[in-house]
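>>> Take a look and give me a structure for this.
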Amino acid sequence: NKIKLEGLVTANSNFKILTDGSIEAKNATISGSISSSTITGTTITGGTVRTSSSGNRIQLSDNLLRAYANGIQRVRLDTTSLRFYDPTGAFGGYIFADTSHDTWSTILSIQPSSTGYLSLHTRDPQTYGSDYAVIQVLPKRGDYSNRVRLETRGTNVASDYAHVELEDGWVDINASRGLW
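Alright, predicted model coming up:
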């Protein structure tokens, strides 16, 4: 009716129940819950890993790393961006890096959800013929009339220059060398 084994129990050296109650196994498929104070291993694939089931926590799932304060998502990191949320959980803005644009080889952008943004752009000299970098601040998304822009180009003597542009109040400062 009941099996009672005392001492070390082994099954083909692949599964052992030790005298202290611990087990050793080559492989295992377990359904249900596992409770432990420590899990040691090299790779965990799939599922959700979190520091708490609710409230303040860090959570890793679905290729996203999320931080919660009082159960509300405040930060999310994915493969291309770092997103921020306000205390109500509303999207607040993000920082992203992107190399998929046709004309820009690198873009780093800091963008609040409803206002302007700060962006950094570079171009590859092998592809576009010169080094090119832009730092741009737009106080309102899509409104280029009040932007601040710092632009530099190099490696081409005919077009090396630095450009500072403050639009609307129109301060435009250019410095160049070569054929300009």
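
>>> SS state for residue 136?
strand (DSSP: H, G, I helix; E, B strand; the rest coil).

>>> That one bridge partners, please.
For residue 136, the beta-bridge partners are residue 119, residue 149 (DSSP bridges).

>>> Make 697 the first number, not 1, from now on.
Renumbered: residue one is now 697, and that last one reads residue 832.

>>> Pull the contacting residues for it.
Counting by CB atoms under 8 Å, 6 or more residues apart in numbering, residue 832 makes contact with 814, 815, 817, 843, 844, 845, 846. Glycine gets a C-beta too; all of them are placed from N, C-alpha and C.

>>> need these in TSV with distance to residue 744, neighbour count and pLDDT, can you?
Shown next, in TSV, are these (distance: CB to CB, whole Å; neighbours: other CB atoms under 10 Å; pLDDT from 0 to 100):
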residue	distance to residue 744	neighbour count	pLDDT
814	34	15	75
815	34	18	75
817	37	19	73
843	42	17	71
844	43	16	75
845	43	17	73
846	43	16	74
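
>>> Identify the farthest-apart pair in these.
Spanning the widest gap among these are 817 and 844, at 14.2 Å by CB to CB.

>>> Neighbours of the nearest residue to residue 834 once chain neighbours are set aside, how many?
What sits nearest to residue 834 in space, not counting adjacent residues and going by CB to CB, 6 or more residues apart in numbering, is residue 812, at 3.9 Å. By other CB atoms under 10 Å, 18 other residues sit near residue 812.

>>> Any idea how many residues pack against residue 755?
18.

>>> Kindly provide the distance from the residue lying closest to it once chain neighbours are set aside to residue 767.
For residue 755, ignoring the flanking residues on the chain, the nearest one in space by CB to CB, 6+ apart is residue 746 at 4.0 Å. For residue 746, the distance to residue 767 equals 12 Å [CB to CB, to the nearest Å].

>>> Appreciated, that's everything.
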